[in-house]
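*Asks:* kindly return the folded structure for what I paste below:
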Amino acid sequence: MAETRIIRKYANRRLYDTETSKHINQADVRKLIAAGTDVRVVDDASGEDITRGVLLQLVAEQERGGRPVLSDQMLTQIIRFYEHPMQGMFGAYLQQSFEAFLQQQQGLEEKMQGMLEGGPFAALTEMAAQNMEAWVSMQKAFTNSKSGKDDD
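*Replies:* You can find the predicted model right below:
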């Protein structure tokens, strides 16, 4: 796997890509991430890792325009979970849900490529069954972690 791309952020808010030795903007950082590049943004003066803040800015910009991914209701619920006793579990649950979604997306893409070989209904039925199994497993793990039980 490729190394993480280091981006330096200067006091004047300019971003500098250390790999290409060029100044870039936030849109360029978003394009790098969308293309699969892992990035780490470092404050040039302090050396502090400020990646999370930059990523949050990128998400906020994407949500303001075009077709947002996060609904008002979802954002409201996320805000309500901050300072909640289950905040840590909520983050882990969202991460697991997102990873399961990405696996399903990859599987669906593979099935779509193979649809010409076995017929569309067989592939979609199998995909639905796998999705249900993954969802039930994730729900069970979340319920067990919520109650303090270990998953068998």
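*Asks:* for Ala27, see how far away Asp17 is.
*Replies:* Applying CB to CB, to the nearest Å, the value for Asp17 to Ala27 is 13 Å. Where C-beta positions appear, they are placed from N, C-alpha and C, glycine not excepted.
*Asks:* after the least confident helix or strand in the chain by mean pLDDT, which helix or strand is next?
*Replies:* Each helix and strand of the chain was given a mean pLDDT (mean pLDDT, DSSP states H and E); the minimum falls on helix 115-118 at a mean of 62. Sequence-wise, the next helix or strand downstream of helix 115-118 (DSSP states H and E) is helix 120-147.
*Asks:* which parts of that next one are buried?
*Replies:* Residues of helix 120-147 classed as buried: 123, 127, 131, 134, 141-142, 145 (neighbour count, 16 or more other CB atoms under 10 Å).
*Asks:* which parts of this structure are strands?
*Replies:* For the chain, applying DSSP state E gives strands covering 5-9, 15-17, 22-24, 39-43.
*Asks:* would you list the ones you listed in JSON lines and tack on distance to Gly88 and mean neighbour count?
*Replies:* Output for the strands of the chain, formatted as JSON lines (distance: least, CB to CB, whole Å; neighbours: other CB atoms under 10 Å):
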{"stretch": "strand 5-9", "distance to Gly88": "28", "mean neighbour count": "18"}
{"stretch": "strand 15-17", "distance to Gly88": "31", "mean neighbour count": "17"}
{"stretch": "strand 22-24", "distance to Gly88": "34", "mean neighbour count": "12"}
{"stretch": "strand 39-43", "distance to Gly88": "23", "mean neighbour count": "17"}
